[in-house]
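> Here is my input, please return the structure:
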Amino acid sequence: MKRDRRYVYAFSPDAGFTECFPCPHFSGSFLTYANGTLYVSQAWDKKVIELDAGGAPVREVQLERRPVGLTVVDSAFYVATVDDEWADGRLQRLGLGNDAGSIDTLLHFPFKPRGVAYDGALFWTADRNNHAIVSFTLSCDVMS
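All right, here's what the predicted structure looks like:
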């Protein structure tokens, strides 16, 4: 299978897009930024990779499931994942410094999710098959 060659770009309204660096192994699905650090997920390789300022891998977390969305909230990754058939969507949480053995499943999506974001009150994902954007909340005890 031929894969795309993925790069990280910066954007400004004045300058437009500027290529910064290639993703590790030219593979990347989703980016998130927290506490001065950039992270990229790789759905095919089932990884979350911490990057240095030049885009080089600093640390890799090997996952059991494919990450199809990634955000950071309160020092934890919130990862939308799917199985090898790209189905059975879940929202999982993993501490920023932890390995995949400590990942928690918080909920099962009734659809195929893509992407995940948090706006301070609501989580957001895409329902891929129904071309919809979905917001949801987690109970306070799940968030802490």
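> any idea how far the nearest residue to Cys23 once chain neighbours are set aside lies from Leu107?
Of all residues not flanking Cys23 in the chain, Arg6 sits nearest, at 4.3 Å (C-beta to C-beta, 6 or more residues apart in numbering). The C-beta positions use only the backbone N, C-alpha and C, and glycine is treated the same way. Between Arg6 and Leu107 the distance is 28 Å, computed by C-beta to C-beta, to the nearest Å.
> Can you report how many residues neighbour the closest residue to Leu96 other than its chain neighbours?
Closest residue to Leu96 apart from its sequence neighbours, by C-beta to C-beta, 6+ apart: Ser75 at 5.3 Å. Using other C-beta atoms under 10 Å, Ser75 is surrounded by 10 other residues.
> dump the residue contacts of Ser75.
With contact taken as C-beta atoms under 8 Å, 6 or more residues apart in numbering, Ser75 is in contact with Ala34, Gly95, Leu96.
> Out of these, grab the one that's most surrounded.
Neighbour max across the contacts of Ser75 (other C-beta under 10 Å) = Leu96, 17 neighbours.
> so what's it scoring on pLDDT?
For Leu96, the pLDDT comes out at 92.
> Pretty sure it sits against Gly36.
No. Assessed by C-beta atoms under 8 Å, Leu96 is found out of contact with Gly36, at 11.9 Å.
> What segments of this protein are helices?
140-143 (DSSP state H).
> Lowest-scoring secondary structure element of it by mean pLDDT?
Taking mean pLDDT, DSSP states H and E as the measure, the helix or strand of the chain with the lowest value is helix 140-143, at a mean of 58.
> thinking again about what came up before, please state the backbone phi and psi of the residue nearest to Leu96?
When read as degrees, to the nearest 10, the backbone of Ser75 gives phi 60, psi 30.
> same thing with Pro110?
phi -90, psi 20.
> Return the per-residue confidence for it.
96.
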